[in-house]
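Undergrad: Quick one, fold the following:
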Amino acid sequence: MIRDLKSSVSVFLVALPLCLGLAIASGAPPIAGIIAGIIGGIVVGAISNSPISVSGPAAGLTIVVLEGIDKSGGFEQFLTVLVVSGVMQILFAFFRGGVIGNFFPGSVINGLLTSIGLLLILKQLPHAVGYDPDPEGNFSFLQLDGENTFTGISSALHHIELHAFLTFLVALACMLLFAHFAAKGKKFAKTIPAPLAAVLVGTATHALLTKFFPAMSLDHTHLVQLPDFNNLVSSMSRPMWKC
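TA: Model prediction:
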């Protein structure tokens, strides 16, 4: 029971901001991310027979959802597409259609995940050094400002913000240390998720640098812009398709 409680708290602390962040990155209302997290974490978990299943919003589908909303003409239309695809999945399960997946080579899935991982890494490099001409980022290779992914990285190296770069290095070192200690079998490294520790240490580093080196403080555009709480609550009081 204690182990399950620790796990649930850790998952909650990671999943809540992740659900909000992925919803915003996908071009959907923040409340959509929370609802997706609830359905994936509680509803699917309750009806699943697997004790180790993981479900909910995934970073790998961010670009898919973003493009889906754009191609379908808006979030409301995308919800219709989502319902239809859900019905198709249920029908596939009912008629044992999952066997079709055996005809897709594993290299297709590996290539998809690898490309998404590389895209996320390359797009985050400018943010790691504090170069944020577009705070929300741009997932396209050809960006709206005339740059592309690689020229954007080159431009970022000429506009390094020491505050942001130091915070990035500390957070990265924290994750690497947690991975090292977890491999050594250290209990604390297995109890506390490495990304959560990196966020806490990175936030503390930012606060200390801002306090003791105010001249290095970051502009608000470099910080995560959370949705207004009042708007978030009001959006929960009306149907999601009207958000």
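Undergrad: Where does pLDDT dip in this structure?
TA: 1-3, 6, 60, 134-140, 144, 224-243 (pLDDT under 70).
Undergrad: residue boundaries of the strands in it?
TA: For the chain, no strands are identified by DSSP state E.
Undergrad: Pretty sure residue 166 sits against residue 205.
TA: Yes: assessed by C-beta atoms under 8 Å, residue 166 is found in contact with residue 205 at 6.9 Å. For glycine as for every other residue, the C-beta is placed from the backbone atoms N, C-alpha and C.
Undergrad: Spatially nearest residue to residue 145, not counting backbone neighbours?
TA: residue 133 (6.1 Å; C-beta to C-beta, 6 or more residues apart in numbering).
Undergrad: Can you tell me the number of residues neighbouring the one you found?
TA: Here the number of neighbours of residue 133 (other C-beta atoms under 10 Å) works out to 15.
Undergrad: Residue 156 is in contact with that one, correct?
TA: No: Residue 133 sits out of contact with residue 156 when judged by C-beta under 8 Å, with a separation of 9.2 Å.
Undergrad: so how far is residue 155 from residue 130?
TA: 12 Å (C-beta to C-beta, to the nearest Å).
Undergrad: Can you pick out the residue with more neighbours from the two?
TA: With neighbours defined as other C-beta under 10 Å, residue 130 and residue 155 compare such that residue 130 has more, 20 against 14.
Undergrad: show me the contacts for the more buried one.
TA: For residue 130, the contacting residues are 159, 160, 161, 162, 163, 164, 165, 218, 222, by C-beta atoms under 8 Å, 6 or more residues apart in numbering.
Undergrad: hmm, 6 Å instead?
TA: 161, 164, 222 (C-beta atoms under 6 Å, 6 or more residues apart in numbering).
Undergrad: Tell me the spacing between it and residue 166.
TA: To residue 166, residue 130 is 10 Å away according to C-beta to C-beta.
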